[in-house]
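Visitor: with the sequence up front, the predicted model follows.
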Amino acid sequence: MPSDRHERLLSMRDERRFIDDTDVEIAIDEVDNSQLVPLLEEFVHLPRGRHRTLHLRNLLIGLHLCTQDTGGKIVLERVTDILYFRISPRLRALLGVPDYEDHDQGFEAAYAVVRRLFHAMKDAMNPSPLPPNGHLSRAEANALTTAADIDDLAERERRLALFTEFVLDASVRPLHTLLSELAEVSLGIDATPVRTFSRGRRTRGPELATDPDAGWYVREGDHRDPDAPVSESMRPAPPPAKPGKAKAAGDKKKTSLRKKYLFGFDAHLIVTRDAEHDAVLLDNGTPNPDVLPALVLGIALDKPGQRPAYNGLKILNRLRDRGYKPGYLAGDRAYNNSEPDEWQLPVRAMGYKPVYDYRADQLGRQGSTQGAILVEGHWYCPSMPDPLINATIDLHAERIDRETWVQLIAARRGYRLMPKQNADDEGYQRMMCPADAGKAQCTIKQHTMGRGIHLPLIDPEPSPVGPLKICRQKAITVSPEAGAKHWQALEYGGPEWQKVYFRLRNSVEGYNGYAKNPLAEGIESAGSRRIRGIAAQTILLAFQLAHANRRKIRKWLDTLALGGERPRRRTHHRRQTKERKTWTPTGHLAPVA
């Protein structure tokens, strides 16, 4: 009989399984301690009309519980199910969440409430003038962009940055005291591509995609879409052509559709990492409790390859306001290839110590001031021999082997200008001639001669205009603008540079892979964030990364051997790492026979 069949099917359908009250109470505490609710109430002004049955606080609790329930993904249908049907009646009454009938109409009514409140919150923080979910023509998009209020968009962008800051800050709250005990907080910054829930359109086509804020990510170069209209002043200088392979002036590189990797955003992530210690295991095979795990402290989304310096500084400014003590800062070449006024000088003014790698056409001598020369980020004596200046260039050209390069880099230290005092508040610093600093002997400065054969002998070439300023004086004052594009805090290629740079760069790259794990947050997948627009994508991604932070902290704590007890879980760090002294700019080269 039909009734018997319905009864059997009804018995097969599971009853509602409530989320444990303890987990809900933890989520309530997380939201209340994050101060997100007072922040949102400042600018999320709901329209007048019928009384709202769901508070912003409850929506945030639902978003938090959804990441815990799904392993780091957020779907508003799941948020609705959690808030209205999977929280116990006692806690639902405590939160003021109204009851809806547990059938299709009741669910749709509850889902409409959640959807409207989420979009009201998102619209208050949307820095884009372009509406999603429709194929705007380019004329319509240009008209909307022209008519937009720039100040209003900037205010919304500030709100979105504050929101993501509060979400991520709440996720690392258990380690706040340990982070505050560090003498300085070193950071790695990188942009990783993430898909959006939209199919990309032709770059120069008549219509925009349903997510008009996104763009094509390209694997090569600076990841900028080569078909996008960009002024020539914004394009990076092409690398020098190799001998015999010069292109004709009219030749242009054709772009293959296969090179376009995905349609989405660049997620600029800033990851904190202890630059003074390796994340190696102790003798008992457990992590060192003194070395904190790598965690995301800031995020900003933009079109791929667009404004890396702007997005990086936006996050760094907020970190400074949050009280993090600046330390070393490492990023890929997209950041240090920016203009000095946009990245290098502001970063140093904040107190960060940048460490960089360089393109092949940026190696060797990079600039000069008052006679001193800038070689791969450091100031040296103008009479430093050419083999030392061009050591890395010769290594790239395979004119020398790795061991020779290591020796030449070490030999540069005798020609390096030494700081006489710390930089002042405006970035000016007194730098001493290496001979006057006791690191070399110079024929121009006779009082430095006869100190021993262990010090290099500098014999400057005669000049009709006389010695250079650095050769006439004991010290010079170097302005922050001098060599600002390429200057860095550590000697390029040296042991300390390798230690700091690779620790920070490997940490941010490792975190990208950790959060992209399809079994967890899967942040690269478009299906893990099914709401279009840069504001919605940023909000959802912030919650995903907050979940990744919490997951990483829990895993780290479970693998520690504390109080003489065995850890709860084994660590997965089994691979033996190579010694840093084997690194070279072109890889691990075999020594010349």
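Guide: Structure received.

Visitor: ranges for the helices of the stretch 1-150 of the chain?
Guide: Listed in chain order, the helices of the stretch 1-150 of the chain (DSSP state H, counting those that start in this stretch) span residues 2-12, 21-34, 36-43, 56-70, 76-81, 89-95, 104-123, 138-147, 150-171.

Visitor: and the ones you listed, which is most packed in?
Guide: For the helices of the stretch 1-150 of the chain, ranked by mean neighbour count under the definition mean count of other CB atoms under 10 Å, the leader is helix 56-70 at a mean of 23. C-betas here are computed from N, CA, C, even on glycine.

Visitor: chain center to that helix, what's the gap?
Guide: Relative to its parent chain, helix 56-70 has a centroid offset of 25 Å by CA atoms, centre = their mean, to the nearest Å.

Visitor: tell me the angle of that helix relative to helix 150-171?
Guide: Helix 56-70 and helix 150-171 meet at an angle of 50 degrees, taking axes from the mean of the first three to the mean of the last three CA atoms, to 10 degrees as the criterion.

Visitor: dump the C-alpha coordinates for helix 56-70 into CSV.
Guide: Coordinates of the C-alpha atoms in helix 56-70 are reproduced here as CSV (Å, rounded to 0.1, in the frame of the first residue of the first chain):
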residue,chain,number,x,y,z
LEU,A,56,24.0,39.7,13.2
ARG,A,57,25.5,37.9,16.2
ASN,A,58,23.5,34.8,15.4
LEU,A,59,24.5,35.0,11.7
LEU,A,60,28.2,35.1,12.7
ILE,A,61,27.7,32.2,15.1
GLY,A,62,26.1,30.2,12.3
LEU,A,63,29.0,31.0,9.9
HIS,A,64,31.5,29.9,12.6
LEU,A,65,29.6,26.6,13.3
CYS,A,66,29.3,25.9,9.5
THR,A,67,33.1,25.9,9.1
GLN,A,68,33.4,23.5,12.0
ASP,A,69,30.7,21.3,10.6
THR,A,70,31.9,21.2,7.0
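
Visitor: neighbouring contacts of that helix?
Guide: Defining contact as CB atoms under 8 Å, 6 or more residues apart in numbering, one finds that helix 56-70 is touched by 19, 23-24, 27-28, 30-32, 34, 36-37, 40-41, 44, 73-75, 78-80, 82-83, 95-97, 114, 117-118, 121, 543-544, 546-547.

Visitor: for stretch 426-436, same thing?
Guide: Looking at what lies outside stretch 426-436 - CB under 8 Å, 6+ apart - the contacts are 345, 348-349, 372, 379-381, 414-423, 440-442, 445, 448, 458, 470-471, 473-480.

Visitor: buried ones in it, by neighbour count?
Guide: By neighbour count, with 16 or more other CB atoms under 10 Å as the criterion, the buried positions of stretch 426-436 are 429-436.

Visitor: do stretch 433-452 as well
Guide: The neighbour-count criterion (16+ other CB under 10 Å) identifies 433-437, 439-442, 444-445, 448 as the buried residues of stretch 433-452.

Visitor: kindly report the same for stretch 512-521.
Guide: Across stretch 512-521, burial judged by 16+ other CB under 10 Å covers 512, 514-516, 520-521.

Visitor: of all the residues you listed, which two lie farthest apart?
Guide: Of all pairs drawn from the buried residues of stretch 512-521, the widest gap by CB to CB lies between 512 and 520 and measures 12.7 Å.

Visitor: so which residues of the stretch 301-450 of the chain form helices?
Guide: Assigned helices in the stretch 301-450 of the chain, in chain order: 308-321, 333-336, 344-349, 386-389, 391-396, 402-411 (criterion: DSSP H, counting those that start in this stretch).

Visitor: wait, which of those is closest to residue 168?
Guide: Closest to residue 168 of those is helix 308-321 (CB to CB; 9.9 Å).

Visitor: what is that closest one packed up against?
Guide: Using 3 or more CB pairs under 8 Å, 6 or more residues apart in numbering; DSSP states H and E as the contact definition, the elements that helix 308-321 packs against are helix 150-171, strand 185-195, strand 260-273, strand 295-302, strand 326-331, helix 333-336, helix 344-349.

Visitor: can I get the CA coordinates of the first one in PDB?
Guide: Output for helix 150-171, consisting of C-alpha atoms alone and laid out as PDB, is shown next (Å, rounded to 0.1, in the frame of the first residue of the first chain):
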ATOM      1  CA  ILE A 150      35.100  57.000  -4.600                       C
ATOM      2  CA  ASP A 151      35.000  58.000  -0.900                       C
ATOM      3  CA  ASP A 152      32.100  55.700  -0.200                       C
ATOM      4  CA  LEU A 153      34.000  52.800  -1.900                       C
ATOM      5  CA  ALA A 154      37.100  53.500   0.100                       C
ATOM      6  CA  GLU A 155      35.100  53.500   3.300                       C
ATOM      7  CA  ARG A 156      33.600  50.100   2.400                       C
ATOM      8  CA  GLU A 157      37.000  48.800   1.600                       C
ATOM      9  CA  ARG A 158      38.200  49.900   5.100                       C
ATOM     10  CA  ARG A 159      35.300  48.100   6.700                       C
ATOM     11  CA  LEU A 160      36.000  44.900   4.800                       C
ATOM     12  CA  ALA A 161      39.700  45.000   5.900                       C
ATOM     13  CA  LEU A 162      38.600  45.500   9.500                       C
ATOM     14  CA  PHE A 163      36.200  42.600   9.300                       C
ATOM     15  CA  THR A 164      38.800  40.200   7.900                       C
ATOM     16  CA  GLU A 165      41.200  41.400  10.600                       C
ATOM     17  CA  PHE A 166      38.800  40.700  13.400                       C
ATOM     18  CA  VAL A 167      37.900  37.300  12.000                       C
ATOM     19  CA  LEU A 168      41.500  36.200  11.700                       C
ATOM     20  CA  ASP A 169      42.600  37.800  14.900                       C
ATOM     21  CA  ALA A 170      39.900  35.800  16.800                       C
ATOM     22  CA  SER A 171      41.300  32.500  15.300                       C
END
